[in-house]
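Next input, structure requested:
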Amino acid sequence: MQQRERCGEPQSGKASFGGFAFAPDGKSVYFISDEPLQGKPQEFKTLRYHDPASGKFEVLTAHIPWDVEGFTLSDDGRHLAYTTNEDGIDRLHLLSLPDHKEIRLPPLPVGVMGGMAFSPDGGRLALSMNSATSPSDVYVIDLAAATLTRWTQSEVGGLDASKFVAPTLVRYPSFDKVDGKQRTIPAFYYKPTKPSGALASKTGKYPVVINIHGGPEGQSLPSFSATAQYLANELGVAMLVPNVRGSTGYGKTYLSLDNAEKREDSVKDIGALLDWIAKQPELDASRVGVMGGSYGGYMVLAALTHYSDRIRAGVDVVGISHFGTFLKNTERYRRDLRRAEYGDERDPAMNAVFERISPLNNAAKIKVPLFVAQGRNDPRVPYTEAEQIVKAVRGNGVPVWYLLYADEGHGFAKKANNDWFGAATMLFWQQYLLGGK
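Alright, predicted model coming up:
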């Protein structure tokens, strides 16, 4: 049963707002916010309705403990469609207006939704959907019949899309508790259908690549990934994509669990994932690699300093190797924003934390092959972060591949560069994850 809540005057405190639109009557409004309600802070962004004339206020999604991401109104004023991010998966909802009753919808593919738009007569709803087994396509829902029609078939380079692997959502226990219960971390698990010939693990189990998102205020979603599909279908490698603490989409508390001096708690989530992998009968815990970009690159380096005995190799893309040098050399317009997340290096106590946890100062602990890729013109994570970690780890006598693009910034935008990096990465995995004993 839908819960509706009334409140009086606007609440005080920090809040975010998004998706504001007038109702069909031109007087009341719909909007998305995490503004406190009756003095109580809110973990998630909810869809709200407010009529200033009558003072009527409703939280339309109080029954959904996840963020509302967006909404749209039909031109005829009869419907409102909105999307929620529920454990990393987009869900579509439809309300009739003005009574705000839920309307049944047909099943949709699991994935990430893009733009939504009603037809001029309000009888149909078009949306784009990106799933793990298909790049973005357009779908149309007939509201009266509750039927779904796929309008486009995105190009996949001539590959057989029926062989693409869809991930399952798993949750694994981490090191701490919340409300007396073991905290669990969500991850998307791409499992190959079978080992792929000579490149597969000699044990008959699947080797694993852990792919860690950047941000850290980001979230990995079950969208189309050429990397995941190549690993699964060509190399017989499973991919795990965790949303470690500090990720968006799981509430404000979860988002703040890695701030400042708690930075390495998110690294411990990777250690917990290694524990989980070791307990899965189909996964080869002796052949695990880690990869990530930007903040995910830091996570790769940090994981290697802590768990080199359990990780076979790592790929660091435009990653942070020392928080102090990163904050000093990143573009000036970004420093205060990043200090709010990582901590202020000008504070002696915080600087001491940086000195203790930064991968550069612990580079001697990295005893496995490393691939570092960087853009020379990166304004966010300067190329010097890559140069210093490459030099330090090479001093350990382990293989270190270093790719520096003179014509790239924070990531690789040019197709030729991106293709070359992708091919080099797969060669790296073949040699150091799948090769050897």
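
What ranges does this structure have for its helices?
Here the chain has its helices, by DSSP state H, at 226-234, 252-255, 263-278, 295-307, 323-329, 335-342, 348-357, 383-394, 415-429.

Indicate which one of the ones you listed is closest to residue 45.
Closest to residue 45 of the helices of the chain, according to CB to CB: helix 252-255, at 9.8 Å. Where C-beta positions appear, they are placed from N, C-alpha and C, glycine not excepted.

residues in contact with the closest one?
For helix 252-255, contacts defined as CB atoms under 8 Å, 6 or more residues apart in numbering pick out 34, 41-44, 217, 245-248.

now that helix: how far from the chain's centre is it?
Its chain's C-alpha centre and that of helix 252-255 lie 14 Å apart, by CA atoms, centre = their mean, to the nearest Å.

Likewise for stretch 239-257?
The answer for stretch 239-257 is 8 Å, by CA atoms, centre = their mean.

before we move on, what about stretch 71-86?
On CA atoms, centre = their mean, the centre of stretch 71-86 falls 25 Å from the chain's centre.

Would you mark the buried spots in that stretch?
In terms of neighbour count (16 or more other CB atoms under 10 Å), stretch 71-86 has its buried residues at 71-74, 78-85.

Check these against residue 177 and report the nearest one.
Closest to residue 177, out of all of those and judged by CB to CB, is residue 85, at 24.9 Å.

residue contacts, that closest one?
Residues in contact with residue 85 (CB under 8 Å, 6+ apart) are 66-67, 69, 91, 219, 249.

Next: residue 183.
173-177, 245 are the contacts of residue 183 under CB under 8 Å, 6+ apart.

Quick check: residue 432 touching residue 311?
No: with contact defined as CB atoms under 8 Å, residue 432 does not count as touching residue 311 (10.6 Å).

Common neighbours of the two, please.
Listed as contacting both residue 432 and residue 311 by CB under 8 Å, 6+ apart are 289, 368.

elements contacting the one helix or strand in the chain whose mean pLDDT sits lowest?
Every helix and strand of the chain was ranked by mean pLDDT, DSSP states H and E. The lowest is helix 335-342, at a mean of 76. Helix 335-342 is packed against helix 323-329, with contacts defined by 3 or more CB pairs under 8 Å, 6 or more residues apart in numbering; DSSP states H and E.

in the helix it packs on, what's buried?
The neighbour-count check on helix 323-329 (16+ other CB under 10 Å) flags 323-327 as buried.

Residue 215: what's its closest spatial neighbour, skipping adjacent residues?
residue 295 (5.2 Å; CB to CB, 6 or more residues apart in numbering).

Could you check how far that neighbour is from residue 317?
Per CB to CB, to the nearest Å, residue 295 is found 11 Å from residue 317.

Can you report how many residues neighbour the spatially closest residue to residue 167 that is not a sequence neighbour?
Leaving aside its chain neighbours, residue 167 sits nearest to residue 188 (4.0 Å; criterion: CB to CB, 6+ apart). Using other CB atoms under 10 Å, residue 188 has 24 other residues around it.

so what pLDDT did residue 188 get?
Among the per-residue scores, residue 188 holds a pLDDT of 96.

What separation is there between it and residue 76?
Residue 188 is 38 Å from residue 76, by CB to CB.

pLDDT weak spots in the stretch 51-200 of the chain?
For the stretch 51-200 of the chain, the stretches flagged by pLDDT under 70 are 195-200.

Show me where it has its strands.
For the stretch 51-200 of the chain, the strands defined by DSSP state E, counting those that start in this stretch cover 56-59, 67-73, 79-86, 89-96, 111-118, 124-131, 134-142, 147-150, 168-178, 181-190.

Export the ones you listed to CSV and append columns for distance to residue 347.
Formatted as CSV, the strands of the stretch 51-200 of the chain follow (distance: least, CB to CB, whole Å):
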stretch, distance to residue 347
strand 56-59, 39
strand 67-73, 32
strand 79-86, 34
strand 89-96, 39
strand 111-118, 38
strand 124-131, 41
strand 134-142, 44
strand 147-150, 54
strand 168-178, 25
strand 181-190, 28
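
quick one, which of those is nearest to residue 272?
strand 168-178 (4.3 Å).

strands paired with that closest one, and their directions?
Partners of strand 168-178 in the sheet, by DSSP bridges, are strand 181-190 (antiparallel).

Report the buried residues of the strand it pairs with.
Buried, per 16+ other CB under 10 Å, within strand 181-190: 183, 185-190.

What of stretch 124-133?
By neighbour count, with 16+ other CB under 10 Å as the criterion, the buried positions of stretch 124-133 are 124-125, 127-133.

again, but for stretch 387-401
By 16+ other CB under 10 Å, the buried positions in stretch 387-401 come out as 388-390, 392-393, 396, 400-401.

Report the separation between the two terminal residues of it.
Stretch 387-401 has an end-to-end distance of 11 Å (CA to CA, to the nearest Å).

what residues does that stretch touch?
301, 316, 319, 321-322, 325, 359-360, 363-364, 366-372, 374, 402, 424, 428, 432.

rerun that using 10 Å as the cut-off
297-298, 301, 304, 308, 313-316, 319-322, 325, 358-374, 402, 404, 424-425, 427-428, 431-432 (CB atoms under 10 Å, 6 or more residues apart in numbering).

Of these, grab the buried ones for ChimeraX.
The buried residues among the contacts of stretch 387-401 can be selected in ChimeraX (16+ other CB under 10 Å) with this line:
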select :297,298,301,304,308,313,314,315,316,319,320,321,322,325,358,359,360,361,362,363,366,368,369,370,371,372,373,374,402,425,428,432
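
now, which of the contacts of stretch 387-401 lie within strands?
Mapping these onto strands (DSSP state E) picks out 313-316, 370-374, 402, 404.

that older thread, and among the helices of the chain, the most buried is which?
helix 295-307 (a mean of 26; mean count of other CB atoms under 10 Å).

could you give the angle of it to helix 348-357?
For helix 295-307 against helix 348-357, the angle by axes from the mean of the first three to the mean of the last three CA atoms, to 10 degrees is 70 degrees.

Make residue 1 into 38 and carry on from there
All set: I'll call the first residue 38, so the last point we hit is now helix 332-344.

Compute the distance between residue 336 and residue 51, please.
Distance, residue 336 to residue 51, using CB to CB: 28 Å.

Closest one to residue 297 out of the ones in strands among the contacts of stretch 424-438, please.
Using CB to CB, the ones in strands among the contacts of stretch 424-438 come closest to residue 297 at residue 353, 22.4 Å.

Would you mind measuring from that closest one to residue 341?
In terms of CB to CB, residue 353 sits 9 Å off from residue 341.

Quick check: neighbours shared by those two?
Common neighbours of residue 353 and residue 341 (CB under 10 Å, 6+ apart) are 327, 396, 407, 430.
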